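Colleague: A predicted structure for the sequence below; I have some questions about it.
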Amino acid sequence: MRRLLEVDALRGLAIVMMIIYHLAFDLNYLEVIHADVDNGFWFVWVRIVQFLFLGICGVSVYLSKRGFKGQLERGFKIFMAGMLVSFVTWVFVGDGYVKFGILHLIGVAVPVVVLFKRRPKAAIVASVVSILLGRYFLTLTPENPYLFPFGLVAGGFYSLDFFPIFPWLAVPLAGLATGQLLYKKKNPTFLEIFAKVPGLTFVGRHSLLIYLVHQPVLYSILLLCVKWLS
C-alpha cells in the first residue's frame with residue numbers, strides 16, 4: 001500500500017503548531033512578552049494540537065500493517081520516550097514533573113486501539129465509555145496516589161503535562177473510526193492538500209524526535225538571545 005503522505009503532513013502540522021505554542025510559552029516565561037498561554041486563544045490552539053496528535057495516532061493504527069505485537073513494540077518505544085520526558089522534567093522541575101503525559105498515553109493507546117481495528121463501531125462505543133469514565137473519575141478522590149494514569153488523582157496532584165487514559169483514550173479510538181471512514185479504500189482524501197506544504201511531511205515522519213528535542217533547543221536559544229540583548 002502506498003504511504004498516505006497527508007497523514008504524515010497532518011502530524012507535521014501538529015508539530016509546527018506545538019512549536020509555535022512553546023515559542024509563545026517560553027517568551028512569556030522569559031518575560032519577553034505577556035501572553036495568557038493557559039486560556040483563551042492559546043488554550044484553543046494547544047487543544048487543537050493535542051486532538052491532532054491523538055486523533056492521528058488512531059488513524060495511523062488503522063492504516064498500519066502491524067498487528068498487535070508490532071503495535072505493542074511501537075507503543076513501548078513511545079512510552080519509554082515519555083519516561084525520558086518524565087526523568088528530564090523531574091531533574092529540572094521537581095515534583096511538578098510530567099507524570100503521565102501525551103507520550104505515555106500514546107504508548108498505552110497504540111496496542112489498545114489496534115484491538116478495535118476491525119471493529120470501528122466498537123471503537124466508537126469504547127470512546128464514549130472512556131469519556132464517561134473520565135468524567136466519573138473526576139468525582140472521586142482516591143487514597144492511593146498511584147492511580148493517576150487512569151484519571152484517578154489523589155489530593156494535591158500536579159503535573160506539567162497530564163493525559164490520563166480516561167478520558168483521553170477516547171480521542172485515538174475516535175481517530176481509528178475516522179481512519180476507517182476516510183481511508184477504507186486506502187486512497188488520499190481532500191486532506192492531501194496538506195502534503196503539498198513544503199516540509200510538513202518530513203516533520204511528520206520525524207515527529208517523535210522533534211517532539212523530544214524541540215523544547216530544550218528552543219528554550220536554550222531564546223535564553224541566550226535574552227541574555228545577549230539584556
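Modeller: Done, it's in.
Colleague: tell me the contacts of Ile193?
Modeller: Applying CB atoms under 8 Å, 6 or more residues apart in numbering to Ile193 gives the contacts Glu6. Glycine gets a C-beta too; all of them are placed from N, C-alpha and C.
Colleague: so for it, what's the pLDDT?
Modeller: The model reports Ile193 with a pLDDT of 96.
Colleague: quick one: it and Ala9, what's the gap?
Modeller: Distance check for Ile193 against Ala9: by CB to CB, to the nearest Å, it reads 9 Å.
Colleague: on the three-state scheme, Val37 is what?
Modeller: Under DSSP: H, G, I helix; E, B strand; the rest coil, Val37 falls in the coil class.
Colleague: pLDDT score assigned to it?
Modeller: At Val37, the pLDDT recorded in the model is 94.
Colleague: number of residues surrounding the closest residue to it other than its chain neighbours?
Modeller: Once flanking residues are discounted, Val37 sits nearest to Phe25: 4.9 Å by CB to CB, 6 or more residues apart in numbering. Counted with other CB atoms under 10 Å, residues neighbouring Phe25 total 18.
Colleague: likewise for Cys57?
Modeller: 25.
Colleague: can you give me the strands for the chain?
Modeller: Under the criterion DSSP state E, the chain carries no strands.
Colleague: what stretches of this protein score poorly on pLDDT?
Modeller: Scanning the chain for pLDDT under 70 picks out the ranges 1-2.
Colleague: all helices for it, in order.
Modeller: Along the chain, counting by DSSP state H, helices occupy 5-29, 40-63, 68-93, 102-113, 120-137, 165-168, 170-182, 200-205, 207-229.
Colleague: list the buried ones in stretch 44-52?
Modeller: For stretch 44-52, the neighbour count (16 or more other CB atoms under 10 Å) marks 45-46, 49-50, 52 as buried.
Colleague: enumerate the positions of stretch 118-130 that are buried.
Modeller: With burial defined by 16+ other CB under 10 Å, the residues of stretch 118-130 counted as buried are 120, 123-124, 126-127, 130.
Colleague: cool, and stretch 213-226?
Modeller: Neighbour-count burial for stretch 213-226 [16+ other CB under 10 Å]: 215, 218-219, 222.
Colleague: equivalent analysis for stretch 58-74, please.
Modeller: For stretch 58-74, by 16+ other CB under 10 Å, it's 58-64, 66, 71-72, 74.
Colleague: just flag the most distant two among those residues.
Modeller: Greatest spacing in those, by CB to CB: Val59 and Leu72 (18.7 Å).
Colleague: okay, the buried residues of stretch 44-52 in JSON lines with distance to Phe100 next?
Modeller: Shown next, in JSON lines, are the buried residues of stretch 44-52 (distance: CB to CB, whole Å):
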{"residue": "Trp45", "distance to Phe100": "22"}
{"residue": "Val46", "distance to Phe100": "17"}
{"residue": "Val49", "distance to Phe100": "18"}
{"residue": "Gln50", "distance to Phe100": "14"}
{"residue": "Leu52", "distance to Phe100": "20"}
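Colleague: nearest to Val153, of the residues you listed?
Modeller: The closest of the buried residues of stretch 44-52, once distances to Val153 are taken by CB to CB, is Gln50, at 18.5 Å.
Colleague: how far away is that closest one from Met18?
Modeller: 9 Å.
Colleague: do Leu103 as well
Modeller: 12 Å.
Colleague: now the common contact residues for the two.
Modeller: Counting by CB under 8 Å, 6+ apart, the residues touching both Leu103 and Met18 are Tyr211.
Colleague: cheers, nothing more for now.
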